[in-house]
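I would like to see how this sequence folds:
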Amino acid sequence: MILSRVERFLRATGMPWTKFGRLAVGDPRLVADMRNGRVPRPSMEERLEHFMNTYEEDNHVR
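As a prediction, this is how the structure comes out:
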């Protein structure tokens, strides 16, 4: 599930959830909406995964 992956990413990086949504897809409320039941489309999930993977590679986050 993408939300659990996002939550792990936020804990690992210490990034605020609003910043994550803004940087990843231009929507600062994305994480709050997902926590409240919003289900992103597959194309958005791909964008989120890409953002997290490239951010981790660039910043050596584990």
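
just give me the neighbour total for H50.
Using other Cβ atoms under 10 Å, H50 has 11 other residues around it. Yep, even glycine has a C-beta here, placed from its N, CA and C like the rest.

what about it, is that helix, strand or coil?
Following DSSP: H, G, I helix; E, B strand; the rest coil, the label given to H50 is helix.

distance of it from A24?
Going from H50 to A24 by Cβ to Cβ, to the nearest Å gives 9 Å.

for P42, same thing?
Counting by Cβ to Cβ, the gap from P42 to A24 is 15 Å.

neighbour count: those two, which is higher?
Neighbour totals were compared for P42 and A24, and A24 leads with 21 against 8 (other Cβ under 10 Å).

state the pLDDT value of the more buried one.
The per-residue pLDDT reported for A24 equals 97.

which ones are touching it?
Going by Cβ atoms under 8 Å, 6 or more residues apart in numbering, A24 touches L30, R47, L48, F51, M52.

could I get the buried residue list for stretch 3-22?
Judged by neighbour count using 16 or more other Cβ atoms under 10 Å, the buried positions of stretch 3-22 are V6, F9, L10, W17, F20, G21.

just give me the closest of those to D58.
Of all the buried residues of stretch 3-22, F9 has the smallest distance to D58: 13.3 Å, by Cβ to Cβ.

and that closest one, how close does it get to R29?
F9 is 17 Å from R29, by Cβ to Cβ.

follow-up on the earlier one: what's the farthest-apart pair in the buried residues of stretch 3-22?
F9 and G21 (11.8 Å).

where in the protein is pLDDT low?
The chain contains residues with pLDDT under 70 at 57, 60-62.
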